[in-house]
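In: Based on what follows, work out the 3D shape:
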Amino acid sequence: MKIVIVGGSGRLGKKLVKSLRSRGYEAVAASPSSGVNAVTGEGLSEVLVDAKVVVDATSSPSFEDKAVLEFFLQSSRNLLAAEAEAGVSHHVVVSIAGVDRIPDSGYMRAKVAQEKLIQSAEIPYTILRATQFFEFVETIAAQFPTDGQTVSVPSAFIQPIEADDVADALVDITLGAPVNGIIELGGPERFRFDELIQQFLNANQDARRVIADSDARYFGAKLSDRSLIPEDNSRIGSTRFQDWLNR
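Out: Numbers count the residues shown, from 1 in each chain. Purely as a prediction, here's the structure:
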């Protein structure tokens, strides 16, 4: 079976391609570097010949509200149209847990618009909403305000997951039947932001102290306790954050 991974040169895409190939599947990594551009449509019809499943693991190069919305809508429109022409039977997309609970985030609004576009198309689909990756905690920590001695973070919950665990779930979803719905995925532990960021700073010999501030913003967005955590019946990864830090 031929499976095309759009965004196959990214962090998650590479893991998925490697895992599928190790199982004997024809996994094709599609990205601008390989001549496939979902935003412009370049190379899509060629790469989708004989493909049965398409996995969209792309991420926007820009966080600016208008640019990110245009990226996800245009790339998804082009993908869905090319898939319909090629006879693709399953469209899989990676989204974000809580994406519809953070309306003041332009990135989240763009992902919601992408999900709605996929749901309204005729291609059978599965949406995987994953929580934040352990591998992104450094980037998350860096955007919070600091005076050099302390770091102010939201008081909300976060339930991050290792990228390898997301890739494992994606393999199962990709090889399974479309659910025509949403699957949520989170890590095995739920933290307050100050707990998580303090663990990360300690592990990196960063002496700053983390304080919880209900007014602190997450990439400009106001969070509630449930904004970023998965639903109660979600799939759960196996890797604990401290074990990942130790590695």
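In: Excluding chain neighbours, what is closest to the residue in the chain sticking out farthest from the centre?
Out: Among residues of the chain, the one most distant from the C-alpha centroid is Gln149; the distance is 31.6 Å, by C-alpha atoms, centre = their mean. Once flanking residues are discounted, Gln149 sits nearest to Arg208: 6.2 Å by C-beta to C-beta, 6 or more residues apart in numbering. The way it works is simple: take the backbone N, C-alpha and C, and place the C-beta from them, glycine included.
In: ok, that neighbour to Ser155 distance?
Out: 18 Å (C-beta to C-beta, to the nearest Å).
In: And Leu201, by the same measure?
Out: Remark: distance between Leu201 and Ser155 (C-beta to C-beta) = 17 Å.
In: repeat for Ile96
Out: For Ile96, the distance to Ser155 - C-beta to C-beta - is 20 Å.
In: out of those two, which sits in the busier spot?
Out: Ile96 (20 against 16; other C-beta atoms under 10 Å).
In: Which pLDDT value belongs to the more buried one?
Out: Predicted confidence (pLDDT) for Ile96: 97.
In: That one is in contact with Ile127, isn't it?
Out: No: here Ile96 does not reach Ile127: they are 10.2 Å apart, not a contact under C-beta atoms under 8 Å.
In: residues in contact with Ile123?
Out: Applying C-beta atoms under 8 Å, 6 or more residues apart in numbering, we find Ile123 in contact with Leu80, Glu83, Ala84, Val88, Ser89, His90, His91.
In: Pull the contacting residues for Ser238.
Out: Counting by C-beta under 8 Å, 6+ apart, Ser238 touches Asp165, Pro188.
In: sec struct for it, please.
Out: Secondary structure for Ser238, judged by DSSP: H, G, I helix; E, B strand; the rest coil, is coil.
In: Tell me the confidence at Phe63?
Out: At Phe63, the pLDDT value in this model is 87.
In: Tell me where the chain has strands.
Out: Taking DSSP state E to define them, one finds strands in the chain at 2-6, 26-30, 51-56, 90-96, 125-130, 150-153, 157-158, 181-186, 191-192, 209-212, 235-236.
In: Can you say which of those is nearest to Val137?
Out: Nearest to Val137 among those is strand 157-158; the distance by C-beta to C-beta comes to 9.0 Å.
In: packing partners for that closest one?
Out: In terms of contacts (3 or more C-beta pairs under 8 Å, 6 or more residues apart in numbering; DSSP states H and E), strand 157-158 is packed against strand 191-192, helix 193-203.
In: in its sheet, what does it sit against?
Out: According to DSSP bridges, strand 157-158 forms sheet pairs with strand 191-192 (antiparallel).
In: thinking again about what came up before, of the helices and strands packed on strand 157-158, which stretch is the most buried?
Out: Most buried of those, by mean neighbour count (mean count of other C-beta atoms under 10 Å): helix 193-203, with a mean of 19.
In: helices or strands next to that one in the packing?
Out: helix 137-142, strand 150-153, strand 157-158, strand 209-212, helix 241-246.
In: If we use 7 Å, what do you get?
Out: Here helix 193-203 touches helix 137-142, strand 150-153, strand 209-212, helix 241-246, going by 3 or more C-beta pairs under 7 Å, 6 or more residues apart in numbering; DSSP states H and E.
In: Highest mean neighbour count out of those?
Out: Here the criterion is mean neighbour count by mean count of other C-beta under 10 Å, and of the helices and strands packed on helix 193-203 the winner is strand 150-153, at a mean of 21.
In: ok, and what's touching it?
Out: For strand 150-153, contacts defined as C-beta atoms under 7 Å, 6 or more residues apart in numbering pick out 141, 144-145, 193-194, 197, 208-213, 216.
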